[in-house]
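Novice: 3D model of this:
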Amino acid sequence: MFFIGLYALALNSYIEVVWETAVRNYRIEQLQEQIDLALDNWDAAAFYQYSVELAELKVVQAHGQITYKR
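Specialist: Here you go, the predicted structure:
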């Protein structure tokens, strides 16, 4: 019985990681499209806003979640 609970916990963790990765990848695709649109429209403010968010997501994608102490 213990092993079934342990297996369910591991499976839940795996599903959570897969879901978070899928959501992050979808957001990256959205941001890349928004950056392209901002460039097409010569919208510097939108370009910088989306670029910063994209850079942060790329860091998380490469190194995992980073928390900042303030």
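Novice: Can you tell me which helices and strands the longest helix seen in the chain packs against?
Specialist: When the chain is parsed with DSSP state H, its longest helix is helix 2-40. Under the contact criterion of 3 or more C-beta pairs under 8 Å, 6 or more residues apart in numbering; DSSP states H and E, helix 2-40 touches helix 44-63. Where you see a C-beta, it was placed from the backbone N, CA and C, and this is true even at glycine.
Novice: who touches the helix it packs on?
Specialist: Contacting residues not belonging to helix 44-63 are listed as Arg24, Arg27, Ile28, Leu31, Gln32, Gln34, Ile35, Leu37, Ala38, Leu39, Ile66 [C-beta atoms under 8 Å, 6 or more residues apart in numbering].
Novice: any idea how far the second one lies from Glu53?
Specialist: Between Arg27 and Glu53 the distance, using C-beta to C-beta, to the nearest Å, works out to 8 Å.
Novice: Which one's more surrounded, those two?
Specialist: The neighbour count for Arg27 versus Glu53, taken as other C-beta atoms under 10 Å, is higher for Glu53 (16 against 13).
Novice: Just the buried residues from the contacts of helix 44-63, in ChimeraX please.
Specialist: Buried members of these, defined by 16 or more other C-beta atoms under 10 Å, are picked up in ChimeraX with:
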select :28,31,34,35,38
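Novice: Distance to Val59 and pLDDT for the contacts of helix 44-63 - can I get that in TSV?
Specialist: What follows is those, written out as TSV (distance: C-beta to C-beta, whole Å; pLDDT from 0 to 100):
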residue	distance to Val59	pLDDT
Arg24	11	93
Arg27	13	97
Ile28	12	96
Leu31	13	98
Gln32	16	98
Gln34	18	98
Ile35	16	98
Leu37	23	98
Ala38	21	98
Leu39	22	98
Ile66	6	65
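Novice: ok, of the contacts of helix 44-63, which one's closest to Tyr14?
Specialist: The shortest approach to Tyr14 among the contacts of helix 44-63 belongs to Arg24, at 15.8 Å (C-beta to C-beta).
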